[in-house]
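Student: Generate a structure from the sequence data that follows.
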Amino acid sequence: MKVLIDSNVVLDILLKNEGLYTGSMAVFAHAEQNLLTGFISASAVTDIYYITKKRHGKEIALKAVKKILQVFHPATVTGDDIFKALDLDWGDFEDAVQYVVGESCSIDFIVTRNINDFSKGKIPSVTPEKIIEIITD
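Tutor: Below is the predicted model of the structure:
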C-alpha cells in the first residue's frame with residue numbers, strides 16, 4: 001500500500017505532540033517494517049525542517065529529517081505539479097500541492113490529521129490511526 005504522509009503527521013513525531021505522537025509513530029514504524037510505502041512531498045521537507053529547527057535546533061532538525069527520509073520516500077514536486085495545484089483552487093495551496101504529488105505517485109491514501117483539507121480530491125484521506133486499522137484488517 002502506498003500512502004502520502006502529510007507534514008502534520010511527521011511533525012507529530014518530531015515534536016512529540018501530546019496525544020498525537022503514538023498514532024503517527026505507528027505509521028512510521030509500519031513504513032520502517034515495509035508494511036506500507038510512505039511518501040512525503042519534497043516541498044514539505046523544508047517546512048518540517050524549519051519548524052523542527054525552531055523547536056529543537058539545527059543539529060536535531062537535520063538528524064530528524066535525515067531519519068524521516070530513510071523511511072518515507074521524498075516525492076518530487078515539479079513545475080507541472082504546482083500549476084495543477086493552482087488549478088485545483090483549494091483553500092490551502094500546500095494541501096493542493098501535496099494532493100497533486102500524491103496523484104503522481106499513484107498513492108492509495110493520504111495520511112493526515114486534517115482529513116477535511118483533502119475532501120475535494122478523489123484520493124481518500126485518513127488519520128494515522130485509521131491507516132493502521134486498514135493495514136491490520
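Student: CA only for contacts and neighbour counts going forward, please
Tutor: OK.
Student: what's the burial count for Thr46?
Tutor: Thr46 has 12 neighbours, counted by other C-alpha atoms under 10 Å.
Student: Could you pull up the mean pLDDT of the helix or strand where Ala31 lies?
Tutor: According to DSSP states H and E, Ala31 maps onto helix 21-32. Averaging pLDDT along helix 21-32 gives 94.
Student: ditto for stretch 44-62
Tutor: Stretch 44-62 comes out at a mean pLDDT of 94.
Student: now that stretch, how far from the chain's geometric center?
Tutor: Stretch 44-62 sits 15 Å away from the centroid of its parent chain (C-alpha atoms, centre = their mean, to the nearest Å).
Student: same deal with stretch 91-108?
Tutor: Offset of stretch 91-108 from its chain centre (C-alpha atoms, centre = their mean): 10 Å.
Student: Show the average pLDDT along it.
Tutor: Taken as a whole, stretch 91-108 has a mean pLDDT of 94.
Student: now stretch 120-137
Tutor: Mean predicted confidence for stretch 120-137 is 94.
Student: counting contacts, what elements does the helix holding Ala31 pack onto?
Tutor: helix 7-14, helix 58-71, helix 128-136 (3 or more C-alpha pairs under 8 Å, 6 or more residues apart in numbering; DSSP states H and E).
Student: Let's have these in a markdown table, adding distance to Ala44.
Tutor: Compiled in a markdown table, the helices and strands packed on helix 21-32 are given as follows (distance: least, C-alpha to C-alpha, whole Å):
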| stretch | distance to Ala44 |
| --- | --- |
| helix 7-14 | 6 |
| helix 58-71 | 11 |
| helix 128-136 | 18 |
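Student: so of the ones you listed, which one's packed in deepest?
Tutor: Scoring the helices and strands packed on helix 21-32 by mean neighbour count under mean count of other C-alpha atoms under 10 Å gives helix 7-14 as the most buried, with a mean of 21.
Student: That one vs helix 58-71, what angle?
Tutor: Angle of helix 7-14 versus helix 58-71, following axes from the mean of the first three to the mean of the last three C-alpha atoms, to 10 degrees, is 120 degrees.
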